[in-house]
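Chemist: Below is the sequence, then the predicted model.
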Amino acid sequence: MSETDRSYWLLSETSGIGETRDPRLQRDLPVLEGLRWLAAGWQDFKAGPMPSLAYGGAVFVLSVAFVWTLVAFGRDYILFPALAGFLIVAPFLAIGLYEKSRTLGEGRAIGFRSMVRVRPRAGAQIFFAGLLLCLLVLLWTRAAVLLWALFFGVTAFPGLDHVVGILFGTAYGWTMVVVGTAIGGLFAAFAFAISVFAVPMLLDRPVDALTAMGTSMKLVWNNLPVMIAWGAIVLALFALCVATGLLGMIVVFPLLGHATWHAYKAVAAPIRPDEPDGGL
């Protein structure tokens, strides 16, 4: 076969999954390395816990206010998709926690005001990334509403006190749960891949939002086992927060924020920022 045929631009043969891997981005971390990140995050949490608790408390208040607004204005039919969508924008909301962990790593202390007024090295690109994540949440909530209509028609939402029985007490409900979980999983996987390292990178380096998101996806793909395990840990802790009426957010959100910074340092930090393409 000629060299031209092997380049794939003539579509003479297809490339395999292995060819999408980049050894430069593979860290060969243990699958449960996320537990070490949690432990490191807990150490950051305990180093001056009041700013972290205040940050978690602020996120809790915002979350409760958002849920109350949805219910009060008759938008409770998007409550469950909105709770799932929170995981999409959570990395953007946690930027102040990343700043605390970064500052502690430099041997300096930090207060709540500095966490709120953080200045990312990427400048306004951080807001562009946040906008993209918010648009993804809107797309997910619209998809969830359309999914409901496909299974139950254009009918009034039965209310939160009846929807659980409909979903888990009927054949249509169970089918929708399965299909909705699959579709939501695709949204969640994509959002997790583009954001988990992108926001910390925008805080840490002068890069644009799309480059940071693309790099984050590459890093997740090349370290898939440990990142799947980390995503499962995040999901389990968020489910615990929901089970406590979001009260657990006061502690869990800052803990995950600090731990995510350590995940970024372990997976993304080895990339040399002085190279034109970020080492990629």
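Modeler: Nice, I can see it.
Chemist: now residue 251, what's its secondary structure?
Modeler: Counting by DSSP: H, G, I helix; E, B strand; the rest coil, the backbone at residue 251 sits in helix.
Chemist: Now do the contacts for it.
Modeler: Contacts for residue 251 (C-beta atoms under 8 Å, 6 or more residues apart in numbering) come out as 45, 53, 56. C-beta here means a position set from N, CA and C on the backbone, and glycine is covered the same way.
Chemist: ditto for residue 195
Modeler: Contacts of residue 195 (C-beta under 8 Å, 6+ apart): 88, 91, 92, 129, 133, 213, 216.
Chemist: What is the neighbour count of the fourth one?
Modeler: Read that as residue 129. If you count neighbours by other C-beta atoms under 10 Å, residue 129 ends up with 27.
Chemist: can you tell me how far it sits from residue 80?
Modeler: 25 Å (C-beta to C-beta, to the nearest Å).
Chemist: Helices of this protein, start to end?
Modeler: Ranges of helices in the chain, per DSSP state H, are 3-6, 33-46, 49-72, 79-93, 95-105, 112-116, 125-152, 160-169, 171-195, 198-204, 209-222, 224-243, 249-267.
Chemist: what's the least confident stretch among those?
Modeler: If the helices of the chain are sorted by mean pLDDT, helix 3-6 sits at the bottom with a mean of 48.
Chemist: From residue 141, how far out is residue 218?
Modeler: 28 Å.
Chemist: Using neighbour counts, trim the contacts of residue 251 to the buried set.
Modeler: 45, 56 (16 or more other C-beta atoms under 10 Å).
Chemist: re earlier: out of the helices of the chain, which is closest to residue 25?
Modeler: Nearest to residue 25 among the helices of the chain is helix 209-222; the distance by C-beta to C-beta comes to 4.0 Å.
Chemist: Please identify the buried residues of the closest one?
Modeler: So, applying 16+ other C-beta under 10 Å, buried residues of helix 209-222: 209, 211-222.
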